[in-house]
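Visitor: Please find the sequence and the predicted model below.
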Amino acid sequence: MADPNPKNAYLRPSTGPLLSLDRVADDAAGSVTERYQRYLPVVQFVAEQLDFDLEEIKLANQNERPAFVTRVVNELVTQGWLIRRESDSRFRWNTDRGQFSVQRWLDEKLLGSQVKVQPQQDRPRERLLDVGVENLQLAELLAILIRSGRPGESAVEAGQKIARQFQQRLEQLPHAGKGELKQISKAIDVTAFCQIMAGIELGRRIAEISGLRSSQRIDSTEDAIQFVRQRFLRLATDGTQEEFHIVTLDTKRQVIGTHLITVGILDSSLVHPREVFRPAIRDAASVVLLVHNHPSGDPTPSRQDLAVTQRLVEAGKLIGIEVLDHIVVGRPNSVSLRANGDL
C-alpha cells in the first residue's frame, strides 16, 4: 500500500530497479552469484519497508531460513542502517546514515573490490603480463605480493593503503613490522607480510649483485666508502652483531666478489689470515678490501680493529695480496683506516 503522506517519500531508502541476476552472474563467479540470489530477496524487501518487525520480514521470505533473515537484519543494525526501537522491537531506517542502496550494499558485502571481479585490464597480474612489471605502480606491485585480500578489503585496496603510507619514504618499508602493516591494512596477515618482505629482500640481493657487476674501479678512499655504503647498507641499518667481510678485487682494482668471514666480536684469534685470504686466493684476487661494522653505530676504530688490520696487512704481503683499506661501518658514517693513517 502506498504511503499516503508524500512527505515520507524522502525517508524511503533508494531501492532503484530490481537487480538483474544475469548481470551479477556475468561479473562474478558462480559461488558469489548464488550468495547474491540468497541475499537479494531479503535485502530488497527490507529496503521497501519504512517500519517493520522481524517477523514480517521472515513471513515475506518463507523460502529462507529464519536465522539467515535475522542475521541480515542484525548486520544492517550493526552498520547503522537500521535502528531498533526499544519500546516495541520494531525497526526503522536511520535517515542520518544516508540513502541506502541495495545494489551498492550487496556489491560491498559480497564483492568488495576483489581482484577477480575487476575488469581484466585492471588486475595487477594481468597488467604485469600485458604492459610489463616496470610499468606497474607501487600499489599494484604490493597487491601482487599480498595476493589475496580479506572480507571487506581486497589485495588491491591493501596495496593502495600501504603505498599511500610509504610512497614518500619507500626506503623505510623493509623495516616496517607486521604489526605496523596490519594497522594500515587488515589484509596483511603473516603470509602477506612474509611475501612482502621476501620480495623486498630478493630485490635487494639482485640489486647488490647488479651493483657488483657494474662497479667502477676502487682506487681511492672515497671509492671504497661509496662502494661499502651501497653494498653493505644492511650492516649500517640492521646490523646487530659485528660482521667481518672482505671484498676481492682484480689487478685493475675492479670488484670480483664479497665474502663473509666471521660473525661476532672482532678478535685476532677469530679473524685468522688463513680464513681471510682463502676466498681471495680462490677468486684469484690481487687486492682485498676489509669491511666490518660496529653495531653501536660509532665507527671509531678500536685497538683490536687496528691489531687485526695490521696482522692481515703483514700476511697479505707474504702471499702477494695487497690490503687496500679497512672500512669500519657505522651509523650513519663509515671510517677508512687508510684515510686515518692507521694502515
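Guide: Now that the structure is in, tell me what you want to look at. Residues are numbered from 1 along each chain as shown.
Visitor: which stretches of the chain have low pLDDT?
Guide: Applying pLDDT under 70 to the chain picks out residues 1-32, 111-122, 151-152, 208-216, 265-270.
Visitor: any idea how far residue 39 is from residue 33?
Guide: 11 Å (Cβ to Cβ, to the nearest Å). C-beta coordinates here come from the backbone N, C-alpha and C atoms, glycine included.
Visitor: let me fix that: residue 90
Guide: Look at residue 90 and residue 39: by Cβ to Cβ, they are 22 Å apart.
Visitor: which of the two has more neighbours?
Guide: Between residue 90 and residue 39, counting by other Cβ atoms under 10 Å, residue 39 is the more crowded of the two (18 against 14).
Visitor: Mind telling me what element residue 182 is part of?
Guide: Using DSSP states H and E, residue 182 sits in helix 178-184.
Visitor: Can you pull out the residues in contact with the following helix or strand past that helix?
Guide: Sequence-wise, the next helix or strand downstream of helix 178-184 (DSSP H and E) is helix 190-213. With contacts defined as Cβ atoms under 8 Å, 6 or more residues apart in numbering, helix 190-213 is touched by 142, 145-148, 158, 173-174, 178, 181-182, 188, 230-231, 234, 255, 257-258.
Visitor: Please enumerate the strands of the stretch 1-150 of the chain.
Guide: Using DSSP state E, counting those that start in this stretch, the strands of the stretch 1-150 of the chain run over 51-52, 82-84, 91-93.
Visitor: Kindly compare burial across the ones you listed and name the winner.
Guide: Ranked by mean neighbour count, the strands of the stretch 1-150 of the chain are led by strand 91-93 with a mean of 19 (mean count of other Cβ atoms under 10 Å).
Visitor: Okay, now the sheet partners of it, with direction.
Guide: Next to strand 91-93 in the sheet, as set by DSSP bridges, lie strand 51-52 (antiparallel), strand 82-84 (antiparallel).
Visitor: For the last one, what is the distance to the chain centroid?
Guide: In terms of Cα atoms, centre = their mean, to the nearest Å, the centre of strand 82-84 is set 39 Å apart from its chain centre.
Visitor: Could you count how many residues lie near residue 175?
Guide: Based on other Cβ under 10 Å, the number of other residues close to residue 175 is 10.
Visitor: That one and residue 301, how far apart?
Guide: 27 Å.
Visitor: Equivalent analysis for residue 105, please.
Guide: Distance from residue 105 to residue 301, counting by Cβ to Cβ: 67 Å.
Visitor: and what of residue 252?
Guide: Counting by Cβ to Cβ, the gap from residue 252 to residue 301 is 28 Å.
Visitor: So those two - more neighbours on which side?
Guide: residue 301 (19 against 10).
Visitor: Three-state assignment for the more buried one, please.
Guide: coil (DSSP: H, G, I helix; E, B strand; the rest coil).
Visitor: just the strands in the stretch 201-343 of the chain please.
Guide: With DSSP E, counting those that start in this stretch as the criterion, the stretch 201-343 of the chain has strands at 243-249, 255-263, 287-293, 322-329, 334-336.
Visitor: for the strands paired with strand 91-93, which one sits closest to residue 288?
Guide: Nearest to residue 288 among those is strand 82-84 (74.5 Å), distances taken as Cβ to Cβ.
Visitor: just to revisit the earlier point, okay if I get the strands of the stretch 201-343 of the chain as TSV plus distance to residue 94 and mean neighbour count?
Guide: Formatted as TSV, those follow (distance: least, Cβ to Cβ, whole Å; neighbours: other Cβ atoms under 10 Å):
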stretch	distance to residue 94	mean neighbour count
strand 243-249	61	24
strand 255-263	62	17
strand 287-293	60	25
strand 322-329	61	24
strand 334-336	62	21
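Visitor: Dump these to CSV, plus distance to residue 127.
Guide: Converted to CSV, the strands of the stretch 201-343 of the chain look like this (distance: least, Cβ to Cβ, whole Å):
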stretch, distance to residue 127
strand 243-249, 40
strand 255-263, 36
strand 287-293, 41
strand 322-329, 40
strand 334-336, 41
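Visitor: nearest to residue 343, of these?
Guide: strand 322-329 (6.0 Å).
Visitor: Report the inter-axis angle for the closest one versus strand 287-293.
Guide: Strand 322-329 runs at 20 degrees relative to strand 287-293, counting by axes from the mean of the first three to the mean of the last three Cα atoms, to 10 degrees.
Visitor: Off-centre distance for strand 322-329?
Guide: 36 Å.
Visitor: In its sheet, which strands sit next to that strand, and in what direction?
Guide: Assessed with DSSP bridges, strand 322-329 is paired to strand 287-293 (parallel), strand 334-336 (antiparallel).
Visitor: Just the CA atoms of the longest one, as PDB, please.
Guide: Provided in PDB are the C-alpha atoms of strand 287-293 (Å, rounded to 0.1, in the frame of the first residue of the first chain):
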ATOM      1  CA  VAL A 287      93.800  -6.800  -3.800                       C
ATOM      2  CA  VAL A 288      91.300  -7.100  -0.900                       C
ATOM      3  CA  LEU A 289      89.200  -4.500   0.900                       C
ATOM      4  CA  LEU A 290      88.400  -5.300   4.600                       C
ATOM      5  CA  VAL A 291      85.000  -4.400   5.900                       C
ATOM      6  CA  HIS A 292      83.400  -4.800   9.300                       C
ATOM      7  CA  ASN A 293      80.700  -3.000  11.300                       C
END
